[in-house]
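# I would like the atomic coordinates for the input below:
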Amino acid sequence: MSVPPVSWQPEQVVLETSLGNVTVELYWKHAPTTCRNFAELARRGYYNRVKFHRVIKDFMAQTGDPTGTGKGGASIYGQTFNDEINKDLKHAGAGILSMANSGPNTNGSQFFITLAPTQWLDGKHAIFGRVSAGMNVVKRIGMVETDNTDKPKDDVRILKAYTDD
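Residues are numbered from 1 along each chain as shown. Sure, this is the predicted structure:
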C-alpha cells in the first residue's frame, strides 16, 4: 500500500474500544509525518482488534501493536520512522497522544495516551494529538486491573479505528 498524499489530513481518528469510544484530534501542523502514519494505519484497519497491552495507572495506556506483546508493529513508511519532537508540545496532562518507541527514531505503530502529566517524556516521545472526546473512557482504561507486567488481566481492545473523512 502506498503512503497517502500530503494533502490528506483528517482532523480526527475515532477509536471504538471495548470500553467505549475515544476521539483524538491530530496535530498536523506539529507532526505531519506521525499524524499521517497514525491516520493511515487507522484507515487501513491496522488497529482493529488490537489490545491495550500495557496500562500503568496514573501514567499511560499503550496500544498499537498487532502482536499484543509490545514488541511488534510497523509504520506505513517501513519498520520505523524518525521522531517529530516539537519543543512547544508537552506531556502536560491526561489525554496526550504520543508515539511509543524503544529509543530515538524508532517509531512504528505503537502509541500511548497519557493518564496524568508525564513531563519526563518531553523531548523523547513525539506528541501528535490529544483526546478530544471520550476522556471518561480513557480514565476507565487507566483503571483496569493489570498483572505484574502492566498487562490488563482482561483484554481491552480497539475494536475499530477510523478517520473522520
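# chain center to the host helix or strand of V138: distance?
V138 is located in helix 135-142, with elements delineated by DSSP states H and E. Mean C-alpha position of helix 135-142 versus that of the full chain (Cα atoms, centre = their mean, to the nearest Å) differs by 14 Å.
# How about stretch 58-70?
Distance, stretch centre to chain centre, for stretch 58-70: 8 Å (Cα atoms, centre = their mean).
# likewise stretch 31-47?
10 Å.
# same check, this time on stretch 50-64
Its chain's C-alpha centre and that of stretch 50-64 lie 9 Å apart, by Cα atoms, centre = their mean.
# what comes into contact with it?
With contact meaning Cβ atoms under 8 Å, 6 or more residues apart in numbering, stretch 50-64 is reached by 17, 41, 47, 65-66, 68-70, 73, 100, 108-116, 118, 138, 141-144, 146, 150-152, 155-158. Where C-beta positions appear, they are placed from N, C-alpha and C, glycine not excepted.
# Also stretch 131-142?
12, 15, 17, 19-25, 52, 55, 57-58, 61, 94-95, 97, 113, 115, 156.
# hey, C-alpha coordinates of the longest helix belonging to the chain in PDB?
Determined from DSSP state H, the single longest helix within the chain is helix 32-44. Once non-C-alpha atoms are left out, helix 32-44 reads as follows in PDB (Å, rounded to 0.1, in the frame of the first residue of the first chain):
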ATOM      1  CA  PRO A  32       2.600  15.700   9.900                       C
ATOM      2  CA  THR A  33       4.600  12.500   9.300                       C
ATOM      3  CA  THR A  34       3.500  11.000  12.600                       C
ATOM      4  CA  CYS A  35      -0.200  12.000  12.000                       C
ATOM      5  CA  ARG A  36      -0.100  10.600   8.500                       C
ATOM      6  CA  ASN A  37       1.300   7.300   9.800                       C
ATOM      7  CA  PHE A  38      -1.400   7.000  12.600                       C
ATOM      8  CA  ALA A  39      -4.300   8.100  10.400                       C
ATOM      9  CA  GLU A  40      -3.400   5.800   7.500                       C
ATOM     10  CA  LEU A  41      -2.900   2.800   9.800                       C
ATOM     11  CA  ALA A  42      -6.400   3.500  11.200                       C
ATOM     12  CA  ARG A  43      -7.800   3.900   7.700                       C
ATOM     13  CA  ARG A  44      -6.200   0.500   6.700                       C
END
